[in-house]
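A.B. asks: Turn this into a structure:
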Amino acid sequence: MQQKEEHTQMLLVDTSILPDVFIRVADAKQLLESGKATSATEAARLAGISRSAFYKYKDGVFFYDAVAGGRVLTLLAELRDRPGVLSGVLSAFATAGANILTVNQNIPNDGRALVSISARIVNADFSVGEFIKALASTEGVERVTRISRDD
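C.D. replies: Next comes the predicted model:
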């Protein structure tokens, strides 16, 4: 019998529908990271959960914006349906030092495709406005709109 390969999937879930314990575990982790708690026991107590609940879920619960540090920029771009256009846009993100988190491209319609791109920005000197202007001047980019307001 062949063994199944274990596969981990991540979900992005609104906290309003989660059981409270998951949010409290994430809160406890933030207490530890910030130094407001010096041990897992103290963090769990301050967050209002048991130590066993903290240890049970701590490796699987994260606040979305805390996964890798930095700030998240999400843009919507309208691109011409030509080879290499999306590659040029992604290269612009790489050149700016941004780490791509997600890319979602719609099927092209009338020679255009909408693409949403989320990237983590860790460079404090990163100017979102200047980056959007540079991205808008990239070959094949028709329009760029900022979706996120994370900064």
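A.B. asks: Pull out the buried residues from the top helix by length along the chain.
C.D. replies: Once the chain is assigned using DSSP state H, the helix that runs over the most residues is helix 20-34. Using 16 or more other CB atoms under 10 Å as the test for burial, helix 20-34 gives 21-29, 31-32. All C-beta atoms are positioned from the backbone trio N, CA, C, and that covers glycine.
A.B. asks: mind putting these in a markdown table, distance to Phe63 included?
C.D. replies: Formatted as a markdown table, the buried residues of helix 20-34 follow (distance: CB to CB, whole Å):
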| residue | distance to Phe63 |
| --- | --- |
| Val21 | 15 |
| Phe22 | 10 |
| Ile23 | 9 |
| Arg24 | 12 |
| Val25 | 10 |
| Ala26 | 5 |
| Asp27 | 9 |
| Ala28 | 12 |
| Lys29 | 8 |
| Leu31 | 12 |
| Leu32 | 13 |
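A.B. asks: just checking, what packs against the longest helix of the chain?
C.D. replies: helix 40-47, helix 51-57 (3 or more CB pairs under 8 Å, 6 or more residues apart in numbering; DSSP states H and E).
A.B. asks: Can you tell me, leaving aside adjacent residues, what's nearest to the residue positioned nearest the centre of the chain?
C.D. replies: Central residue of the chain (CA atoms, centre = their mean): Leu101, 5.2 Å from the mean position. For Leu101, ignoring the flanking residues on the chain, the nearest one in space by CB to CB, 6 or more residues apart in numbering is Ser118 at 4.4 Å.
A.B. asks: can you pull up the bridge partners for that neighbour?
C.D. replies: Ser118 has the following beta-bridge partners by DSSP bridges: Thr74, Thr102.
A.B. asks: Near it, how many other residues are there?
C.D. replies: Residues near Ser118, counting by other CB atoms under 10 Å, number 19.
A.B. asks: quick one: it and Arg71, what's the gap?
C.D. replies: Distance of Ser118 to Arg71, given as CB to CB, to the nearest Å: 11 Å.
A.B. asks: ok, now Arg112?
C.D. replies: Taken as CB to CB, the span from Arg112 to Arg71 is 29 Å.
A.B. asks: What residues of stretch 111-121 count as buried?
C.D. replies: Here stretch 111-121 shows 113-121 as buried, counting by 16+ other CB under 10 Å.
A.B. asks: Point out where the protein drops to low pLDDT.
C.D. replies: Along the chain, the parts satisfying pLDDT under 70 run over 1-8, 64-70, 124, 149-151.
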